[in-house]
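Trainee: I'll drop the sequence and a predicted model, then ask my questions.
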Amino acid sequence: ISWSGLSVTTTTPLVLTYTAVVTATGNYTNFAEITASDNFDPDSTPDGTPDTDAPVEDDETSATPTVALTSDLSIAKSAVLTTDADGSTTISAGDTVTFSVTVSNAGANDATGVGVGDTVPDGYTTIGSISNSGSESGGLISWSGLSVTTTTPLVLTYTAVVTATGNYTNFAEITASDNFDPDSTPDGTPDTDAPVEDDETSATPTVALTSDLSIAKSAVLTTDAD
């Protein structure tokens, strides 16, 4: 960007402005310097060829805005039958299901320090095989310190056994991120409220009702003809 033919009085500083859109990556340090003046300057020399050398005179300067990293995280959840205990081929009491929690990053930057919380209701028991060093306490599965790139979604998994009765709706949400998210806010206290942002979700597997029926038969004398 070049300006020429400017006038600067001894009483009023001259302010030059322009706008630019910040990119996701790159160098953000911006340099400016005096390139010409009709008058002699006692302590600096105009440079007709602007450069990005470190400023050493008072007629050159630089500015480096602090650019915050952003990551648009979203989350999705699914469940599949892993162990079919009764051979029904559908999810039913006693079966083991595997839950998958998929965290995606629409950019602009890779996300670090990501946390996820998954609230497991009373329709499940025997939680196990928690991936990515997650932990469970009181029906809440927690992951922390995760990284999610802009190119590859992160899939978190665990297993649970379906009970005969209870609530089967399972909630998951982003609990933390080092980066700013433009359309959602991480919730450090996972809950079971209806999801309203793209960093929270729920899944309700269809659990088939089962009944173990049995039958018995007997005979009694009704009419004794003789």
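Mentor: Structure received.

Trainee: where's the most centrally placed residue in the chain, which helix or strand?
Mentor: The residue at the geometric middle of the chain, judged as the C-alpha nearest the mean C-alpha position with Cα atoms, centre = their mean, is Leu73 (3.2 Å). When secondary structure is defined using DSSP states H and E, the element that contains Leu73 is strand 71-83.

Trainee: can you give me how far the helix or strand just after that strand is from the chain middle?
Mentor: Downstream of strand 71-83, the first helix or strand assigned by DSSP H and E is strand 96-108. Using Cα atoms, centre = their mean, to the nearest Å, the distance from the centre of strand 96-108 to the centre of the chain it belongs to is 9 Å.

Trainee: Who is the nearest residue to Ser131 once chain neighbours are set aside paired with across the strands?
Mentor: In space, and not counting its chain neighbours, Ser131 is closest to Thr157: 4.6 Å by Cβ to Cβ, 6 or more residues apart in numbering. From N, CA and C alone the C-beta is placed, and that goes for glycine too. The residues listed as beta-bridge partners of Thr157 by DSSP bridges are Ser100.

Trainee: for the one 5 residues further on, same thing?
Mentor: Val162 forms beta bridges with Tyr124, as assigned by DSSP bridges.

Trainee: Contacts only, for it.
Mentor: For Val162, the residues meeting the contact criterion (Cβ atoms under 8 Å, 6 or more residues apart in numbering) are 91-97, 123-124, 168, 205, 207.

Trainee: Filter those down to the buried ones, PyMOL style.
Mentor: For the buried members of the contacts of Val162, the matching PyMOL selection, counting by 16 or more other Cβ atoms under 10 Å, is:
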select buried, resi 91+92+93+95+96+97+123+124+168+205+207
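
Trainee: Cheers, nothing more for now.
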